[in-house]
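1. The sequence and its predicted three-dimensional model are supplied below.
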Amino acid sequence: MSGLIDIILFPLYVALFALLFAARRKRIKDPVLKKYHRNGFWIKVFSALAYIIFSTFLAKVDSTYLYYPEGINIAKLILKDFTNIKLLFISGKDFDPNLLADTFNKGYFSSESNFFVARLVTVLSFVSFGSYSVITLFFSMISFSGVWRLYKFFYEQYPHLHKQLAIAVLYLPNFVFWSSGILKDPLCTGMLGWFTYSMYKIFIQRESIIKNSIVVIISAAVLAVVKAYILASYLPFFMLYVILTNLKNIKRPFVRLVLLFLIVITIAGGSFLVGERLQEEMGNFAVTKLTESVQTTQQSFMRIADLAESSFSIGEFDGTPAGFLKIAPAGIAATLYRPYLWESKKVSTLMSSLESLALMLFTLYVFLRAGPFFFFGSIIKDPMIMYCLLFAIIFALFVGVTTLNFGTLVRYKIPCMPFYLIGLVLILERHKKKLQKAVLKETGEPAVS
């Protein structure tokens, strides 16, 4: 954004981050993890560079007209008068619109999530000389730090699937690209990874309880501010996975059943108590507002359909619960498998359409290879598959029915994509083991992989 300074500073900060992560990598004893940590880091660096080029020369995005200019503007106000540091601690609703770099952004600042990103840009500007490219790199590294934890969460349980897991978590193009800019998405993907791994350490491995509890609190707090609906849709299914995994260690079926009942009641009661707060924070994704939001979005779409080439429809919605269930399959399919190739009219959606096509073909392959009974049976029997796919599908539903623009959809859907792909990989792995057992039983010799 500032020309020469970006060209000079970006490689310098890349070198600094490379040294930092190389030092961290020395602590990793597993050579497989070392390789993927190194690969994942450089992929995020080049993805950040790609996003800088995309957002600077190819498309107008939130990074360039909202988060970066407003964050830099606040930094300048602080440097001009240090008492303005109070601007970092007020609510976005209380921010004086006369102090904005662009008064058009007044409405955006009423959302605390938008103001949070702008504040982070302000803080990072003081250690990056206000460079757009360097701040973008910082956001990308925040994402990578958490995404790496997400990869470790799955790898520690399925080390033999390291390649498949790397594709799903570290290499997935749309996921990597949109989590590399000055946006909410890098913060969400990073915090989701930190949250998952720390919860896993607390409730499954029972290690470093205090340290991991602090990480859980911080990551959950950031998610609650930036995109509360991600946390609200993710937490129930992750806790279900934790519960079912721990119940396996209890031998007596009656005790398992009683404990499961008590835990479900506790989670339901806790969800009810915090429900009002989440309803306020989640906006269009709140359950009590969802049908109203979908209907409003549908009506808006009909009014602008002729002008917005990236808009699409999933069918008419009459505002009733029955109507919502009717469009639910189309909403899920839109999130997971659209835009189709013929619907991609921009560079920003072409990459997503190719990825969606590959995901659709892989889904069909797994479903036909495993068969419908084994496919759905695996979801019921395996806590990890259940957690991954149920979260992905519910999240895809909420995003698909409330986001009728491909430009927005390709960003909003990324939190659920690794989980959906991993769920399919694990079903395929279960089916492979089933075939191996059948061969072993029949011939007495293990099947050749």
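-> Nice, thanks for sending it over.

2. In the protein, where is pLDDT below threshold?
-> Applying pLDDT under 70 to the chain flags residues 1-2, 249-310, 317-319, 348, 444-449.

3. what are the ranges of the strands in this protein?
-> Counting by DSSP state E, one finds no strands in the chain.

4. Which residue ranges make up each domain of it?
-> 4-224, 227-443 (automatic domain parsing).

5. highest average neighbour count across the ones you listed?
-> Among the domains of the chain, the stretch with the highest mean neighbour count (mean count of other CB atoms under 10 Å) is domain 4-224, at a mean of 18. (Each C-beta comes from the backbone N, C-alpha and C, glycine too.)

6. quick one: it to chain centroid distance?
-> Taking CA atoms, centre = their mean, to the nearest Å, the mean C-alpha location of domain 4-224 is offset from the chain mean by 12 Å.

7. Same check on stretch 371-379?
-> In terms of CA atoms, centre = their mean, the centre of stretch 371-379 is found 26 Å from the chain centre.

8. who's in contact with it?
-> Here stretch 371-379 makes contact (CB atoms under 8 Å, 6 or more residues apart in numbering) with 366-367, 370, 385-386, 389-390, 423, 426-427, 430-431, 434.

9. Mind putting those into CSV with distance to V45?
-> As requested, those are exported to CSV (distance: CB to CB, whole Å):
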residue, distance to V45
V366, 32
F367, 36
A370, 37
I385, 33
M386, 35
L389, 32
L390, 34
G423, 29
L426, 30
I427, 33
R430, 36
H431, 37
K434, 41
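
10. out of the residues you listed, who's nearest G190?
-> Taking CB to CB as the measure, G190 lies nearest G423 of these, at 21.6 Å.

11. Pretty sure that closest one sits against A396.
-> No. Using CB atoms under 8 Å, G423 is not in contact with A396; the gap is 11.8 Å.

12. Could you tell me which residues touch both of these two?
-> With CB under 8 Å, 6+ apart as the test, G423 and A396 reach no residue in common.

13. out of the contacts of stretch 371-379, which are inside helices?
-> Under the assignment DSSP state H, those contribute 366-367, 370, 385-386, 389-390, 423, 426-427, 430-431, 434 to helices.

14. Greatest separation within the residues you listed: which pair is it?
-> L390 and K434 (22.0 Å).

15. Compute the distance between the closest residue in space to I43 that isn't next to it in sequence and I135, please.
-> Closest residue to I43 apart from its sequence neighbours, by CB to CB, 6 or more residues apart in numbering: V176 at 6.1 Å. Using CB to CB, to the nearest Å, V176 is found at 18 Å from I135.

16. thinking again about what came up before, L99 versus the residue nearest to I43, what's the distance?
-> For V176, the distance to L99 - CB to CB - is 35 Å.

17. ok, now I210?
-> From I210 to L99 the distance is 41 Å (CB to CB).

18. Also T443?
-> For T443, the distance to L99 (CB to CB) stands at 76 Å.

19. hmm, back to that, quick one: contacts for the residue nearest to I43?
-> Here V176 is in contact with 43-44, 47, 170 (CB under 8 Å, 6+ apart).

20. In those residues, find the pair that's most separated.
-> Spatially, the most separated pair among those is S47 and L170, at 10.7 Å (CB to CB).

21. still on that earlier bit, in helices, which of the contacts of V176 appear?
-> Secondary structure from DSSP H places 43-44, 47 of these in helices.

22. Including distance to N84, could those residues go into a markdown table?
-> Formatted as a markdown table, those follow (distance: CB to CB, whole Å):
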| residue | distance to N84 |
| --- | --- |
| I43 | 38 |
| K44 | 33 |
| S47 | 34 |
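
23. P186 against F139, yeah?
-> Yes. Counting by CB under 8 Å, P186 does reach F139; the two are 4.3 Å apart.

24. Overlap of the contact sets of the two?
-> Joint contacts of P186 and F139 (CB under 8 Å, 6+ apart) are S180.

25. can you map out the helices along the stretch 301-449 of the chain?
-> 321-337, 347-370, 372-381, 383-402, 406-412, 417-443 (DSSP state H, counting those that start in this stretch).

26. Does the first one pack against any helices or strands, and if so which?
-> If I follow you right, that is helix 321-337. In terms of contacts (3 or more CB pairs under 8 Å, 6 or more residues apart in numbering; DSSP states H and E), helix 321-337 is packed against helix 287-304, helix 347-370, helix 383-402.

27. how close does L404 get to K345?
-> For L404, the distance to K345 equals 15 Å [CB to CB].

28. Then L426?
-> From L426 to K345 the distance is 35 Å (CB to CB).

29. Kindly report the same for A370.
-> According to CB to CB, A370 and K345 sit 36 Å apart.

30. can you check R119 too?
-> R119 sits 35 Å away from K345 when distances are taken as CB to CB.
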